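S.K.: model the structure of this input:
(chains A and B)
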Amino acid sequence: MPGGNHSRPSLFHWFLAYIREAPHKLRQRLGENIILAQLAIRSRPIRAALMVLTLGAGVCVVSLSTAIISGFSGEIERLAFGAYARSLVITPNYLAGDRARISRLTDLDRLLEVFGEDQVEGYAAWRIGRQVPAAFQDQRADLTVFGVRGDYRFEADMDMAQGRHLTPEDMESARRVCLLGSDAAASLFAGGRAAGQTIRVNGLSCYVQGVFEPGDTVIASRFADGVIAPFDTAARYFMPSDHLAPNEASRLTIVLRSRDMLYDARHAADRILRRQHGVPQSQASPFMFADPNAPTAAMEQQRDLLTRLLAAIAGVAMLASLMAFAGASWTLTEMRRRNIAIQAIHGASYMDILIQFATENLILGLLGGISGIAAAMLLAPFSIDWLGWPAVFDPLVLGGSVLLGTLSGVLAGAISAHRAAVTRPGIAIAG
Amino acid sequence: MDQNAPADWMLRVENLSHFYGRQRQTPSVVFKAEQAFRPGEITVLVGESGSGKSTLLKMLGGLDCPEHGRMQVMWDISPDPSKSRHQAVQKDLPHRHDWLAHYRRHRVAYLFQDGGLIDDFSVLQNVLLPLRYAEIARKERDRRCRTALERVGLKSKILKRLSQLSGGERHRVAMARTIARQAAIVICDEPTAALDAENALLMRDILRDEAGRGACVFIATHDQRLMTGDFATRIIEIHHGIAALNATGLGPSAS
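M.R.: The predicted structure is shown next:
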């Protein structure tokens, strides 16, 4: 029956034949196949290294891109607004004309009471004045005064270059202490030490408790040429001509725990404040509620665009890397055709060869994944320092990248492994 | 003595034939009738180039499937070539590919004209290779390797890579591998063709030793020195793929 003689057994058939072996024999053969895979890799170290680098390059691009996307995700929001993105910011609605109202500290207390701690992460009442003259010895500058009660650090999200923050006791008092923005300190002290000095603000002495680093968010940068002082200090000493009453604030900021709470919180705040100020629903609201969602959404669109761009680049790089790996694996298999035949002649079955080649590809893939991650982590500081791209490595992503590299290696080498395994020894040995 | 008596033979072949080409009408090699080969026999296949010696060796060594016929190695009978893999699996019979892989793994040792060595491996790894697949215990195979390499004078080069060896030394590695294998059937394709006088003599001695151990040795050769009655047990001439038994005087190993 000439026709049936060349029919090739299926993978399943070989697998069955392989596992039908006695367990100790199976273990021994499996061990031998793995040893032979290691020998094959070690006998061609340069080629193996090149294959590892090929796959590693792809994994590096993927993991670095993922880290940058992850970094940007948080950084875009932070760079733009910091905690402002989830803050309910209440200001007078001057568009309502004489029905506009100024928020009071009691309004803040009432809102905090209604929202409760499960919704509110922090709060601040701001009193923002016009620029006032400030001086230190013969240096003079016009600075914006910010009076604050509560936690100013959600908005003034900056490290201290000198000195320390205002304490809660400072905030509740009318002590003449202040913090200076980076530009304000530079204009009054010209690079000298400002913390611990006494400056004159609006003609009155004020002890400088600390100086901020330059802010890297849009909101924080507002404080660069400003003086931050306790609410009562600012109201009593530094803003005498201000038209606000002592308990009135230019702006209330309530930092919510999540952006998802903003919509409901805004409507609740509107109802409460209308009641507090006796403004019916039929009239325009006396207050404005800033909507940080709109600019944040724009930022998110940019981030998504960037994500797609980076994902496309990473995908193409990974595909190219996989094709190169598969090509190299294929070529290497063809080059080893005679060796495979020799192995088959000496008793290697289809499964033996398949397992050996799969193990080789598994090892190379694993090494490719690990080297790709290592390269990405080495490159990450350069991306942050030179290009200003933040990179955040998630352990899950790192593990996924190694897995991706390993699986890619095995899959890319699977065809060549199969080809190697079905090599007919009689033909292959003849050349 | 009946040479086909079951207790007396190691390998028995029955109408082996193999086809080349797409038409598969004219067999390239036919081993007519039934032949039995006893332990310790050295069978030399002679014939012109292209006559089919190597094809017959490949069939005897399990490298190629015969299109027709059967081989029986002691109690192992090769599966019927006409049975498909599905029929084999359904009847829980060994498929011929399994049988051939098992046959190669446990019964056969090969010696090629060019050595048939893996250049990337060391001397030791090359000698070890068939023993790995034959599932021989680690201590035993190490002992066999060292003994075999000592026999061919390469014990001091056990860890050298093949690229560091001369042509003659590479042939000795191949011989050591055959010795270490201790197979029931030894297949040699032009074993002395590329050897100098010293190595050719060593090769003859080794093949004679293998037969003396009880192996069934098959040699395809043009070397007249291997066709002498004091070496070969029988000579089979092949003309255009047809094998004809030409019994010579019994060699010393068979006697």
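
S.K.: count of residues packed around residue B:225?
M.R.: 12 (other Cβ atoms under 10 Å in any protein chain shown). Where you see a C-beta, it was placed from the backbone N, CA and C, and this is true even at glycine.

S.K.: can you say which helix or strand has residue A:269 in it?
M.R.: Using DSSP states H and E, residue A:269 falls within helix A:262-277.

S.K.: with residue A:366 instead?
M.R.: Using DSSP H and E, residue A:366 falls in helix A:350-385.

S.K.: could you say what helices and strands that helix packs with?
M.R.: helix A:11-19, helix A:23-43, helix A:45-80, helix A:293-335, helix A:337-345, helix A:395-421 (3 or more Cβ pairs under 8 Å, 6 or more residues apart in numbering or on different chains; DSSP states H and E).

S.K.: that one: which residues count as buried?
M.R.: Buried residues in helix A:350-385, counting neighbours by 16 or more other Cβ atoms under 10 Å in any protein chain shown, are found at A:350-373, A:375-377, A:379-380, A:383.

S.K.: quick one on the thing from earlier: list the helices and strands the helix holding residue A:269 packs on?
M.R.: Using 3+ Cβ pairs under 8 Å, 6+ apart: helix A:262-277 touches strand A:87-92, helix A:105-115, strand A:251-256, strand A:287-289.

S.K.: next, the buried residues of the third one.
M.R.: Using 16+ other Cβ under 10 Å as the burial criterion, the residues of strand A:251-256 that qualify are A:251, A:252, A:253, A:254, A:255, A:256.

S.K.: alpha carbons of it, as PDB, please.
M.R.: Extracted C-alpha coordinates of strand A:251-256, given in PDB (Å, rounded to 0.1, in the frame of the first residue of the first chain):
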ATOM      1  CA  ARG A 251     -12.900  80.900  47.500                       C
ATOM      2  CA  LEU A 252     -13.800  77.600  49.200                       C
ATOM      3  CA  THR A 253     -12.000  74.400  48.200                       C
ATOM      4  CA  ILE A 254     -13.400  71.000  49.200                       C
ATOM      5  CA  VAL A 255     -11.200  68.100  48.000                       C
ATOM      6  CA  LEU A 256     -13.300  65.100  47.500                       C
END
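
S.K.: now what about it, what contacts it?
M.R.: Contact with strand A:251-256 is made by A:83, A:86-91, A:103, A:107-108, A:111-112, A:115, A:119-126, A:128, A:150-151, A:154-155, A:262, A:265, A:269, as judged by Cβ atoms under 8 Å, 6 or more residues apart in numbering or on different chains.

S.K.: so which residue is smack in the middle of the chain?
M.R.: Picking chain A for this. By Cα atoms, centre = their mean, chain A has its centre lying nearest to residue A:71, at 2.5 Å.

S.K.: I was thinking of chain B, sorry if that wasn't clear
M.R.: Short answer for chain B (Cα atoms, centre = their mean): residue B:187, at 1.5 Å.

S.K.: what strand or helix carries that residue?
M.R.: Going by DSSP H and E, residue B:187 is part of strand B:185-189.

S.K.: now do residue B:175
M.R.: Going by DSSP H and E, residue B:175 is part of helix B:167-181.

S.K.: what pLDDT does residue A:162 get?
M.R.: Per-residue confidence for residue A:162 comes out at a pLDDT of 91.

S.K.: now do the residue of the stretch 301-431 of chain A found nearest chain B, the pLDDT please.
M.R.: Here the stretch 301-431 of chain A gets closest to chain B at one residue, residue A:347, 2.9 Å apart by Cβ to the nearest Cβ. Looking at residue A:347, its pLDDT stands at 84.

S.K.: do the one 3 residues further on as well
M.R.: At residue A:350, the pLDDT value in this model is 79.

S.K.: so it touches residue A:421, yeah?
M.R.: Yes. In this structure residue A:350 lies within contact range of residue A:421 using Cβ atoms under 8 Å: 4.7 Å.

S.K.: can you count the residues close to residue B:8?
M.R.: 12.

S.K.: so it: helix, strand or coil?
M.R.: coil (DSSP: H, G, I helix; E, B strand; the rest coil).

S.K.: which parts of chain B are helices?
M.R.: B:53-60, B:85-90, B:96-106, B:123-133, B:138-151, B:167-181, B:197-213 (DSSP state H).

S.K.: mean pLDDT lowest for which of the ones you listed?
M.R.: helix B:85-90 (a mean of 49).

S.K.: what's around the nearest residue to residue A:288 once chain neighbours are set aside, how many residues?
M.R.: In this structure, residue A:288 finds its nearest non-sequential neighbour in residue A:93, 4.5 Å apart by Cβ to Cβ, 6 or more residues apart in numbering or on different chains. By the measure other Cβ under 10 Å, the count of residues near residue A:93 is 17.

S.K.: show me the contacts for residue A:93.
M.R.: Here residue A:93 is in contact with A:100, A:101, A:284, A:285, A:286, A:287, A:288 (Cβ under 8 Å, 6+ apart).

S.K.: pLDDT and neighbour count added to those residues, as a markdown table?
M.R.: Shown next, in a markdown table, are those (pLDDT from 0 to 100; neighbours: other Cβ atoms under 10 Å in any protein chain shown):
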| residue | pLDDT | neighbour count |
| --- | --- | --- |
| A:100 | 82 | 18 |
| A:101 | 86 | 20 |
| A:284 | 86 | 12 |
| A:285 | 88 | 20 |
| A:286 | 89 | 21 |
| A:287 | 90 | 22 |
| A:288 | 88 | 16 |
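
S.K.: just curious, which of the residues you listed is nearest to chain B?
M.R.: Closest to chain B, out of all of the contacts of residue A:93 and judged by Cβ to the nearest Cβ, is residue A:288, at 77.1 Å.

S.K.: identify the residue nearest the residue nearest to the centre of chain B in space, chain neighbours excluded?
M.R.: residue B:61 (4.0 Å).

S.K.: what does the model give the one you found for pLDDT?
M.R.: At residue B:61, pLDDT is 83.

S.K.: could I get the contacting residues of it?
M.R.: Taking Cβ under 8 Å, 6+ apart, we find residue B:61 in contact with A:345, B:104, B:108, B:110, B:185, B:187, B:218.

S.K.: surely the fourth one is in contact with residue A:343?
M.R.: No. Residue B:110 lies out of contact with residue A:343 (Cβ under 8 Å); the separation is 11.7 Å.

S.K.: give the pairing partners of the longest strand along chain A; include direction for each.
M.R.: Taking DSSP state E as the criterion, chain A has its longest strand at strand A:120-136. Applying DSSP bridges, strand A:120-136 is found paired with strand A:139-150 (antiparallel), strand A:198-201 (antiparallel), strand A:251-256 (antiparallel).
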